[in-house]
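Student: got a predicted structure plus its sequence, pasted below:
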Amino acid sequence: MKYLLRIFIVVLLTPGLALAKELPRANHRHDSLAKNFNHPNSMPVNSLSQTQEKELAKQFLAMLRKHELFLNDPVVVDYVQTVGHRLGRAAQMSQKLHFFVIANDTVNAFAGPDGYIGVNTGLFRITQNEGELAGVLAHEIAHVRERHLMRMLALSKENRIPNLLGAIGAIAIGIINPLAGIGAFTAMTAGYVQNLINYTRAHEKDADRIGMKILYRANYNPFEMPKMFERLAQNERYFPNDIPVYLRTHPHSTERISDSENRALDYPKKKYRQEPFPFLLIKKQIEVDVSVNPNKNLANFHMDSRTQANKYVKMADEYGEALAFIKLRQPNKAIKILRKLIAQEPDEIIFQYTLGKCYQSKNQLNQAAAIFKQAYELQPDYYPIILAYGNVLIDNKKPKQAKQFLQAHLHQFRSKTGIYYALAKAQAHAGFEAESHITQAKLYQILQDPLGAKLHLEIALKDKKISADDRFRAKSMLQKLKQ
């Protein structure tokens, strides 16, 4: 597995969005728009096994968690996952996709092993609408669909790249800072690196082509992709350090934009998705989440909201003001703004969620619970509200009610870690200790930590109050872990 980690450093620290700027012009008029995604190419189809891929994913996720890179804002993460899964359905994939957000200002997105796709918060700095974000995600989904990473790893297995010390650390460093991560594999031979770049360019060409098909099938305007490429080119000019120097040896970003525009012309016009308001709110949410100067955010949002003519952009700026007040621990001022926004847009669930969190921060738990319950009735499948309502019930010393509520929704969100945390807490507070440990074991399985899962199952089985059903479940899970 060590050689997999070594090559994965290169794949991970080579942003797909940046590499694709080096692609040669393609003849898009001959690029079929057939219903399937099949496209002949000369790249080898060898790939790693699913077992190897899952093992690599486990190590990948463990490193990200070790360095606390994940953004845990449920509103932002749920939004990215919603857009990503919409595109995933359009891609007609059998493999399950997992979307997560990295709290880092570098403009980047990447496709990791086993369907894990990461988006840096910095990407929202340059995207202007949901269609552009969808274009980036569609590109990364195409990488997963075509198993580009696994095929590249299979290639590395044949080539046996030179030994590389500190591989695990370099991967984590590279997520935070691609330039710093590059230093971890500068000892590699120049010939190998050049072969890798050439191979990756072919993958990027495929991802551009297939990604646009995915984008179009999900009812996004295909011209959002070349628009995003233009923004990436501008970002490279203004922030050149976002991209490693050696990846700019053949900068053809203007050609890539032109190629993408020509390809988009081939798609028949149709009714596309309306540009959703939540995207504007998510941008403000991220801006405040990652900010170290909420006072500056507050001043900027206030000024922008007073001069903005567009109703929804103005409301987004006002929402940003509310978020800044929350971060400054001034919830009353935030509540005043949020009440005004809800009066204008009573069905906007994000406003309801944030208002409830304000009251929860003031320890006005009955008021917070009432707001979350009303929002839940408005949109019963919105995960952040379900999680918030369950947690506020626990805080309000109603663990049995929280347990019942969260268990009723567990089947909808089996891959969401937050609901397992909350449910385990509710079970423990309600006196169901063994059941809580079984839930925590499931959580550790999702986190790709079998040792942690095994520990909690063993604790559950030692509980003298464990029910017969829970004992059977714990033993079954433990047996599977040992296989």
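Tutor: Received, thanks.
Student: distance check, Gly112 against Asp105.
Tutor: Going from Gly112 to Asp105 by CB to CB, to the nearest Å gives 20 Å. The C-beta positions use only the backbone N, C-alpha and C, and glycine is treated the same way.
Student: typo on my end, Val119
Tutor: Val119 is 12 Å from Asp105, where distance means CB to CB.
Student: which other residues reach the helix or strand encompassing Met477?
Tutor: Met477 is part of helix 468-482, with elements assigned from DSSP states H and E. Here helix 468-482 makes contact (CB atoms under 8 Å, 6 or more residues apart in numbering) with 434-435, 437-438, 441-442, 445, 450, 453-454, 457-458, 460-461, 466.
Student: among the residues you listed, name the buried ones.
Tutor: Those of these that meet the buried threshold are 434-435, 437-438, 441-442, 445, 453-454, 457, 460-461, 466, by 16 or more other CB atoms under 10 Å.
Student: so where's the stretch 151-300 of the chain shaky on pLDDT?
Tutor: Along the stretch 151-300 of the chain, segments meeting pLDDT under 70 span 153-201, 237-253.
Student: in PDB, list the C-alpha atoms belonging to stretch 465-473.
Tutor: Taking Å, rounded to 0.1, in the frame of the first residue of the first chain, the C-alpha atoms of stretch 465-473 are listed here in PDB:
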ATOM      1  CA  LYS A 465     -28.400  -4.000  31.000                       C
ATOM      2  CA  ILE A 466     -28.000  -4.700  27.200                       C
ATOM      3  CA  SER A 467     -31.200  -6.000  25.600                       C
ATOM      4  CA  ALA A 468     -31.300  -9.300  23.700                       C
ATOM      5  CA  ASP A 469     -31.800  -7.400  20.400                       C
ATOM      6  CA  ASP A 470     -28.900  -5.100  21.000                       C
ATOM      7  CA  ARG A 471     -26.600  -8.000  22.000                       C
ATOM      8  CA  PHE A 472     -27.500  -9.700  18.800                       C
ATOM      9  CA  ARG A 473     -26.800  -6.600  16.800                       C
END
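Student: in that stretch, what's buried?
Tutor: Under the neighbour-count criterion of 16+ other CB under 10 Å, stretch 465-473 has 466, 470, 473 buried.
Student: which one of the residues you listed sits closest to Val136?
Tutor: Val136 has its nearest neighbour among these in Arg473, at 40.6 Å by CB to CB.
Student: looking at Gly112 and Asp105, which one has more neighbours?
Tutor: Per other CB atoms under 10 Å, whichever of Gly112 and Asp105 has more neighbours is Gly112, with 25 against 15.
Student: contact partners for that one?
Tutor: Going by CB under 8 Å, 6+ apart, Gly112 touches 12, 57, 60, 118, 149.
Student: circling back: now the helix holding Met477: mean pLDDT?
Tutor: Across helix 468-482, pLDDT averages out at 95.
Student: off-centre distance for that helix?
Tutor: Chain-centre distance of helix 468-482: 32 Å, with CA atoms, centre = their mean, to the nearest Å.
Student: repeat that for stretch 294-302.
Tutor: The mean C-alpha position of stretch 294-302 is separated from the chain mean by 27 Å, CA atoms, centre = their mean.
Student: what's it in contact with?
Tutor: In contact with stretch 294-302 (CB under 8 Å, 6+ apart) are residues 284, 287-288, 291, 317-318, 320-321, 323-325, 327-328.
Student: output that stretch in PDB with nothing but the alpha carbons.
Tutor: C-alpha atoms of stretch 294-302 as PDB (Å, rounded to 0.1, in the frame of the first residue of the first chain):
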ATOM      1  CA  PRO A 294     -16.000  39.500  11.700                       C
ATOM      2  CA  ASN A 295     -16.000  43.200  12.300                       C
ATOM      3  CA  LYS A 296     -14.600  43.800   8.900                       C
ATOM      4  CA  ASN A 297     -17.200  41.400   7.400                       C
ATOM      5  CA  LEU A 298     -19.900  43.300   9.200                       C
ATOM      6  CA  ALA A 299     -18.800  46.700   7.800                       C
ATOM      7  CA  ASN A 300     -18.500  45.300   4.300                       C
ATOM      8  CA  PHE A 301     -21.900  43.600   4.300                       C
ATOM      9  CA  HIS A 302     -23.600  46.700   5.800                       C
END
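Student: only whichever of the contacts of stretch 294-302 are buried, select them in ChimeraX.
Tutor: Buried members of the contacts of stretch 294-302, defined by 16+ other CB under 10 Å, are picked up in ChimeraX with:
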select :284,287,288,317,318,320,321,323,324,325,327
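Student: still on that earlier bit, need the buried ones among the contacts of helix 468-482 in CSV with secondary structure and distance to Gln404, can you?
Tutor: Compiled in CSV, the buried ones among the contacts of helix 468-482 are given as follows (DSSP: H, G, I helix; E, B strand; the rest coil; distance: CB to CB, whole Å):
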residue, secondary structure, distance to Gln404
Ala434, helix, 18
Glu435, helix, 12
His437, helix, 19
Ile438, helix, 17
Ala441, helix, 21
Lys442, helix, 18
Gln445, helix, 23
Ala453, helix, 24
Lys454, helix, 28
Leu457, helix, 23
Ala460, helix, 20
Leu461, helix, 25
Ile466, coil, 20
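Student: quick one: the nearest residue to Gln379 once chain neighbours are set aside from Tyr389, how far?
Tutor: Among residues not flanking Gln379 along the chain, Ile349 sits closest, at 4.9 Å (CB to CB, 6 or more residues apart in numbering). Distance of Ile349 to Tyr389, given as CB to CB: 12 Å.
Student: can you give me the strands for the stretch 351-483 of the chain?
Tutor: Read by DSSP state E, counting those that start in this stretch, the stretch 351-483 of the chain holds no strands at all.
Student: which residue is nearest the middle of the chain?
Tutor: In the chain, the residue lying closest to the centroid (CA atoms, centre = their mean) is Phe100, at 2.4 Å.
Student: doesn't it lie inside a strand?
Tutor: Yes - assessed by DSSP: H, G, I helix; E, B strand; the rest coil, Phe100 belongs to a strand.
Student: which residues does it form a beta bridge with?
Tutor: Gly118 (DSSP bridges).
Student: retrieve the pLDDT associated with it.
Tutor: Taking Phe100 on its own, its pLDDT is 94.
Student: what about Gln344, neighbour count?
Tutor: Using other CB under 10 Å, Gln344 has 13 neighbouring residues.
Student: what is the burial count for the closest residue to it other than its chain neighbours?
Tutor: Distance criterion CB to CB, 6+ apart; nearest residue to Gln344, sequence neighbours excluded, is Met315 at 6.6 Å. Met315 has 23 neighbours, counted by other CB under 10 Å.
Student: for whichever strand or helix holds Met315, packing partners?
Tutor: Counting by DSSP H and E, the element that carries Met315 is helix 311-327. Under the contact definition 3 or more CB pairs under 8 Å, 6 or more residues apart in numbering; DSSP states H and E, helix 311-327 sits against helix 278-289, helix 294-307, helix 331-344, helix 349-361.
Student: same list, those helices, but as JSON lines with distance to Ala91 please.
Tutor: Shown next, in JSON lines, are the helices and strands packed on helix 311-327 (distance: least, CB to CB, whole Å):
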{"stretch": "helix 278-289", "distance to Ala91": "21"}
{"stretch": "helix 294-307", "distance to Ala91": "36"}
{"stretch": "helix 331-344", "distance to Ala91": "35"}
{"stretch": "helix 349-361", "distance to Ala91": "27"}
